[in-house]
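**Student:** Starting from these lines, generate the structure:
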Amino acid sequence: MRRSVYILGLLAIALGTKAQGIDPEFSLYNYQPLTINPALAGNSEAKWSLNLSAREQNYVISQPYRSGVASFDINLPINAWAGNIWGFGFNVVNDDQGDVRLVNRSYNVTFSVGQYLDPRQQHSLSVGFQGGLGQRAIDYTSVYWDNQWVGEGFALYLPSGENLPTDVKSYFDLSTGIQYSFDGDLADITMGYGMFHANTPDHSLYIDSANFDLDRRHTIHFNMEHRLRKDNLFAMRPSFLITRQGKTNNVIFGNDFVFYFNEPTRTTGKRKEYSMSLGLFHRWQKDVIGSIMFNLAGFSIGSSYDVSVGNINKLNGYQGAWEVFVGYKAGFRKGSNSRYMPHKKGRL
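**Tutor:** Numbering: from 1, shown residues only. Reported below is the predicted structural model:
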């Protein structure tokens with residue numbers, strides 16, 4: 001009985017006026033840039049990159065929530081004007097929520113364009129645009145109804161007697177963003193703002209879907225890599241991500257401690273980077289997050305685990321959330337020659 005009440009409650013939340021849908025949030029957010037800002041497409045120390053993330057959130061009452069994202073982005077060899085930066089990306093996001101299989105899925109194409117702001121090409125500014133197709137679906141076969149109660153339990157083979165709305169809703173989605181980057185000798189900084197679902201698309205499963213638009217998601221992000229001195233084999237990467245969607249706020253902040261096993265060559269790029277990072281982050285008033293990541297000549301693999309804090313531990317038995325990441329950066333190397341032009345990104 002508790003399970004049926006939970007499922008019906010989840011269905012009410014999914015279709016109700018108070019919840020217009022919340023995007024999945026990944027703990028290893030720095031490794032999925034297209035989900036935090038479209039302007040980050042192609043703005044990395046690689047010719048192109050492929051990133052895969054999978055997440056299972058166990059601190060729910062019943063079926064775990066599972067989310068995944070696959071993304072590809074590339075720095076385009078376009079020289080429309082001096083000091084230009086062009087990027088293109090594609091990503092797929094899937095979010096599977098609970099017993100009733102409330103699934104949100106989106107397919108997005110991203111384009112960015114930027115410009116260096118100074119002769120030394122240390123400062124750059126980029127804007128990005130993202131468009132895609134979104135789908136929201138629900139599986140009614142897992143839902144129990146009053147007409148299926150037979151005295152000792154629910155008989156799912158009986159007709160529900162309900163006039164159920166559609167089980168799949170498709171919509172067109174638009175997003176945009178802007179970001180600033182600084183590439184210094186001892187510190188690299190990236191910060192920006194993104195706005196997702198700018199057109200607030202209708203994603204409701206109701207037959208009458210008036211006033212059931214998907215809320216805009218606003219993101220503010222900051223990331224820095226800092227070395228205490230030149231050629232030091234230790235670096236710190238403090239970062240934070242602030243998101244607001246509807247009435248839901250999320251704040252993640254912390255630091256990755258990076259240890260370099262092999263320093264890459266700055267001129268030829270023949271010697272690749274091998275490094276390990278240990279991260280400690282906090283999702284404000286929700287989780288403490290620990291992570292580990294290995295970079296092996298452009299190939300990255302890592303994982304994180306969220307330890308929930310607060311009263312929810314009494315319901316989930318102190319279970320947390322696992323997240324796994326696998327990625328590859330082609331032509332990845334740090335230093336003055338890392339951006340596949342004699343010195344900076346923007347040209348091959």
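**Student:** Provide the partner residues of Met195 in its beta bridges.
**Tutor:** With DSSP bridges as the criterion, Met195 is bridged to Thr176, His218.
**Student:** List the contacts of it.
**Tutor:** For Met195, the contacting residues are Ser175, Thr176, Gly177, Arg216, Arg217, His218, Thr219, by Cβ atoms under 8 Å, 6 or more residues apart in numbering. From N, CA and C alone the C-beta is placed, and that goes for glycine too.
**Student:** Format the residues you listed as JSON lines; extra columns: distance to Gln148.
**Tutor:** Conversion of these to JSON lines gives the following (distance: Cβ to Cβ, whole Å):
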{"residue": "Ser175", "distance to Gln148": "41"}
{"residue": "Thr176", "distance to Gln148": "46"}
{"residue": "Gly177", "distance to Gln148": "47"}
{"residue": "Arg216", "distance to Gln148": "39"}
{"residue": "Arg217", "distance to Gln148": "37"}
{"residue": "His218", "distance to Gln148": "42"}
{"residue": "Thr219", "distance to Gln148": "43"}
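**Student:** export the residues you listed to CSV and tack on pLDDT?
**Tutor:** Converted to CSV, the contacts of Met195 look like this (pLDDT from 0 to 100):
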residue, pLDDT
Ser175, 97
Thr176, 97
Gly177, 97
Arg216, 94
Arg217, 96
His218, 97
Thr219, 97
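**Student:** Most neighbours among these, please name it.
**Tutor:** Taking other Cβ atoms under 10 Å as the neighbour criterion, Gly177 ranks highest of the contacts of Met195 with 27 neighbours.
**Student:** so where's the stretch 201-348 of the chain uncertain?
**Tutor:** Counting by pLDDT under 70, the stretch 201-348 of the chain contains low-confidence ranges at 207-211, 263-271, 311-318, 332-348.
**Student:** Looking at the contacts of Met195, which is nearest Phe26?
**Tutor:** Thr219 (12.1 Å; Cβ to Cβ).
**Student:** nearest spatial neighbour of the closest one, skipping sequence neighbours?
**Tutor:** Gly194 (4.3 Å; Cβ to Cβ, 6 or more residues apart in numbering).
**Student:** Quick check: the gap between the one you found and Asn75.
**Tutor:** Gly194 sits at a distance of 19 Å from Asn75 (criterion: Cβ to Cβ, to the nearest Å).
**Student:** do Pro238 as well
**Tutor:** To Asn75, Pro238 is 25 Å away according to Cβ to Cβ.
**Student:** Ala39 now?
**Tutor:** Computed with Cβ to Cβ, the distance linking Ala39 and Asn75 is 13 Å.
**Student:** Compare neighbour counts for these two and give me the winner.
**Tutor:** Under the criterion of other Cβ under 10 Å, the comparison of Ala39 against Asn75 puts Ala39 first, with 31 against 27.
**Student:** Show me the beta-bridge partners of Ser53.
**Tutor:** On DSSP bridges, the residues paired with Ser53 through beta bridges are Val69, Phe325.
**Student:** Next up, the contacts around it.
**Tutor:** The contact partners of Ser53, taken as Cβ under 8 Å, 6+ apart, are Phe26, Leu28, Tyr31, Gln32, Gly68, Val69, Ala70, Glu323, Val324, Phe325.
**Student:** Now with 6 Å, please.
**Tutor:** Contacts were defined as Cβ atoms under 6 Å, 6 or more residues apart in numbering; by that measure Ser53 touches Phe26, Gln32, Val69, Phe325.
**Student:** which stretches of the stretch 1-150 of the chain form helices?
**Tutor:** Taking DSSP state H, counting those that start in this stretch as the test, the helices found in the stretch 1-150 of the chain are 2-15.
**Student:** re the thing from before, based on its surroundings, how many neighbours for the residue nearest to Thr219?
**Tutor:** Residues within reach of Gly194, counting by other Cβ under 10 Å, total 26.
**Student:** Equivalent analysis for Pro33, please.
**Tutor:** Burial measure for Pro33: 30 neighbouring residues, criterion other Cβ under 10 Å.
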